[in-house]
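> based on what follows, work out the 3D shape:
(chains A and B)
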Amino acid sequence: MTRELELRIGNVIFQNPVFLASGPAGYGAEYAELIDLGRLGGVVTKTVTFEPRPGNPGRRLWETPSGLLNSVGLENVGSKRFFAEKIPPLIDNGVKPVVSLGAEDWDQYRRMIEITASVEAVDAVELNLSCPNVERGGMTIGTDPDLLYEYVRHARDVLAGTAIFAKLTPNVADIASIALAAEEAGADGITAINTVVGMDIDTVDGEPIFDRVRAGLSGPAIMPVALEAVWRIARTVDIPVMGVGGISSVGDARKFFMAGASAVQVGTAIFYDPALPGHIVDALERDGVPEPCPGMREAEE
Amino acid sequence: MILSGKGLFSARVLENRAISPSTHLIVMIRPDGFPEAQPGQFVSIRITGAGAPLLRRPYSICDLTGEALTLLVKIVGVGSAAIAGTRPDEMIDLLGPLGNETFPDPVGEDAVFVAGGAGLAPIVFAIRRWTREGTIGRSVLLHGAECRDELLGDVTGGGPTEFRCATIDGSEGHHGDVVTLCEQLLDAGRIPTDLLYSCGPRGMVKALVERVDGRFAAHYTSLEAIMACGVGACRGCTVPVATESGAVMKAVCSDGTVFRAREIAWDEWKD
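Alright, predicted model coming up:
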């Protein structure tokens, strides 16, 4: 059993359910020579904050078995340059941006939402309320259902007509209850999962690999975690779920649809296989989008 | 400057030779459509389908002719060991050429090159390219390594007017580090002071900046870093660079690999 490729979120239409995840693909343009971005459902841009952020000092990347730890720290050009310089080239080239919005505090968040509302070309956003690599905001919001509700509710109130995805962290006891809070606050979809918190240590110099000690783990190592989160969320909420975390093959993408996802995002895999997102689109065009596994919704948690 | 034309290529290995106990010279047939590249650019090699090692590994181009693409691969872990283990006729999946800032052509001036270990790769490319094109005056190459066995001097054919080496253990050439050799040659007035080009371990380049940089008109260095995307997207390989408005984070892959060495905020660049 298969579904149509087109993904409709409110009034917003994505030509297919395959996206580039926020972070690895930068602002999209960096990969324009390597990935046919216009063939994808959309590109979730690197998280932007109201003011520019220099990102974290020190080491930012560390490879682990089948995984990648990062502590980039939301380096970004800030909202002003982002909307002036990064969005127009995507739109002009037929690429659908989903703007990932971050915030360091409530005030910055409100200003970020406000400026986003003023940009007509943007009709889809992903609220990054779950980044583990920043001092304030980020993951704290994503782990507290009440706080998350307030943030999503505010975006819903201001961004009428915009498709709003809430991106969730897996670093919680019950991700489904967080997803429910986002749904109740008016999110149009859930993106799951953000990176899994991890760390590593250099045994030679006896120091943690990262200055901030903790970092975010991505890549194939986290795929089973992501798949389980998507399954639990999809059976809890009625809004679409965008599955992300370690997708490294067409088969991996199929598993997310079978677990209940309505769309998938490819992140870390583009570093070594930029052709993968296109291959997933090819496979879905050929075979359709897989239906959720029978029995999936009935299984006991 | 943004150099375009990068892409994914599959290159057939022509020759793979251990030129030291730790370093291999890998010559591939230049893939069809592989763009012209400049000294300081690199390619990023995929190792396995998926899993471990996950990321591609970046290697400076050591030479690019109409027929061949040459790299120096120093074995430092499982990824580089896998690449160093490729055999003739095997295919290498590479992404490139990457890097937007390259070693500037000396336009006829004399130049000193300081290369530590496998940092010799982009230096050899520069010297060969400019020697072939006749755009360099006198070229002096100073190459440093731990010991005689680790010297990679036999890849410098078609190269510099003058070649000197330094080994930490004194088994060949100057006994000590290559920066001290450079300093002594400067003191003796035996090397030109127009341009300095360098590539090597971070400590070597930092020492060059601290000890000899000011005696050259300009010093360009090709930096190494752990990378994920190689195209400036992930912001994982950043280096702090001093600007008029303070230090800004630049990506080694896309804002480099070549930087003016004295502009790097070395003390803030932690690894």
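> show me where the stretch 1-150 of chain A has its strands.
A:2-3, A:7-9, A:12-14, A:18-20, A:42-44, A:61-64, A:67-70, A:97-101, A:124-128 (DSSP state E, counting those that start in this stretch).
> of those strands, which is nearest chain B?
strand A:61-64 (4.0 Å; Cβ to the nearest Cβ). From N, CA and C alone the C-beta is placed, and that goes for glycine too.
> can you tell me which helices and strands the helix or strand residue B:179 falls within packs against?
Using DSSP states H and E, residue B:179 falls within helix B:178-187. When contacts are defined as 3 or more Cβ pairs under 8 Å, 6 or more residues apart in numbering or on different chains; DSSP states H and E, helix B:178-187 packs onto strand B:111-116, strand B:139-145, strand B:162-167, strand B:174-175, helix B:202-211.
> reformat these as a markdown table; add mean pLDDT.
Shown next, in a markdown table, are the helices and strands packed on helix B:178-187 (pLDDT from 0 to 100):
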| stretch | mean pLDDT |
| --- | --- |
| strand B:111-116 | 96 |
| strand B:139-145 | 95 |
| strand B:162-167 | 93 |
| strand B:174-175 | 95 |
| helix B:202-211 | 95 |
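> which one of the ones you listed lies closest to residue A:70?
helix B:202-211 (20.6 Å; Cβ to Cβ).
> what residues does the stretch 51-200 of chain B put near chain A?
With Cβ under 8 Å from any Cβ of the partner chain as the criterion, the stretch 51-200 of chain B comes near chain A at residues B:51-56, B:95.
> now do 6 Å
B:51-52, B:54-56 (Cβ under 6 Å from any Cβ of the partner chain).
> if you rank those by neighbours, which is first?
Among those, residue B:54 has the most neighbours (other Cβ atoms under 10 Å in any protein chain shown), with 26 neighbours.
> let's verify it: helix, strand, or coil?
Here residue B:54 is recorded as coil under DSSP: H, G, I helix; E, B strand; the rest coil.
> so who does it touch?
The contact partners of residue B:54, by Cβ atoms under 6 Å, 6 or more residues apart in numbering or on different chains, come to A:63, A:219.
> tell me the helix or strand right after the lengthiest helix in chain A.
Ranked by residue count under DSSP state H, the longest helix found in chain A is helix A:145-158. The C-terminal neighbour of helix A:145-158 among helices and strands, as given by DSSP H and E, is strand A:163-168.
> immediately after the helix holding residue B:179, which helix or strand?
strand B:195-199.
> what's the closest non-adjacent residue to the residue of the stretch 101-250 of chain B found nearest chain A?
Relative to chain A, the nearest point of the stretch 101-250 of chain B is residue B:233 (3.0 Å; Cβ to the nearest Cβ). Nearest residue to residue B:233, sequence neighbours excluded (Cβ to Cβ, 6 or more residues apart in numbering or on different chains): residue A:26, at 3.0 Å.
> also residue B:254?
Counting by Cβ to Cβ, 6+ apart, the nearest residue to residue B:254 once its immediate chain neighbours are dropped is residue B:232, at 2.8 Å.
> and the strands in the stretch 201-301 of chain A, which stretches?
A:201-202, A:207-208, A:215-218, A:241-244, A:263-266, A:289-290.
> you'd agree residue B:265 is up against residue B:243?
No: with contact defined as Cβ atoms under 6 Å, residue B:265 does not count as touching residue B:243 (9.6 Å).
> so between those two, which is more surrounded?
Under the criterion of other Cβ under 10 Å, the comparison of residue B:265 against residue B:243 puts residue B:265 first, with 16 against 11.
> please report the distance of the more buried one from residue A:54.
Using Cβ to Cβ, to the nearest Å, residue B:265 is found at 12 Å from residue A:54.
> re earlier: burial measure for the residue of the stretch 101-250 of chain B closest to chain A, as a count.
When neighbours are defined as other Cβ under 10 Å, residue B:233 has 25 of them.
> in chain A, which residue sits nearest chain B?
Counting by Cβ to the nearest Cβ, chain A gets nearest chain B through residue A:26, at 3.0 Å.
> so that residue touches residue A:46, yeah?
Yes: if you go by Cβ under 6 Å, residue A:26 and residue A:46 touch, sitting 5.2 Å apart.
> of these two, which one has the most company?
More crowded of residue A:26 and residue A:46, by other Cβ under 10 Å: residue A:46, with 28 against 23.
> how about that one, what does it touch?
A:23, A:26-27, A:76 are the contacts of residue A:46 under Cβ under 6 Å, 6+ apart.
> most surrounded residue in the residues you listed?
residue A:23 (29 neighbours).
> distance check, it against residue B:235.
Counting by Cβ to Cβ, the gap from residue A:23 to residue B:235 is 9 Å.
> try residue A:199
Residue A:199 is 20 Å from residue B:235, by Cβ to Cβ.
> go on, residue A:165?
For residue A:165 relative to residue B:235 (Cβ to Cβ), the value is 22 Å.
> please apply the same query to residue B:84.
29 Å.
> ditto for residue A:223
24 Å.
> now swap in residue A:261 and tell me
From residue A:261 to residue B:235 the distance is 27 Å (Cβ to Cβ).
> list the contacts of stretch B:187-197.
B:103, B:106, B:109-113, B:138, B:140, B:185, B:215-220.
> tell me the buried residues within the residues you listed.
B:103, B:106, B:110-113, B:140, B:185, B:216, B:218-220 (16 or more other Cβ atoms under 10 Å in any protein chain shown).
> and those residues, which two are the farthest apart?
Farthest pair in the buried ones among the contacts of stretch B:187-197, by Cβ to Cβ: B:103 and B:185, 20.7 Å.
> chain B contacts on the stretch 1-150 of chain A?
Residues of the stretch 1-150 of chain A found near chain B, taking Cβ under 6 Å from any Cβ as the criterion, are A:24-26, A:30, A:33, A:54-55, A:58-61, A:63, A:65-66, A:72, A:75.
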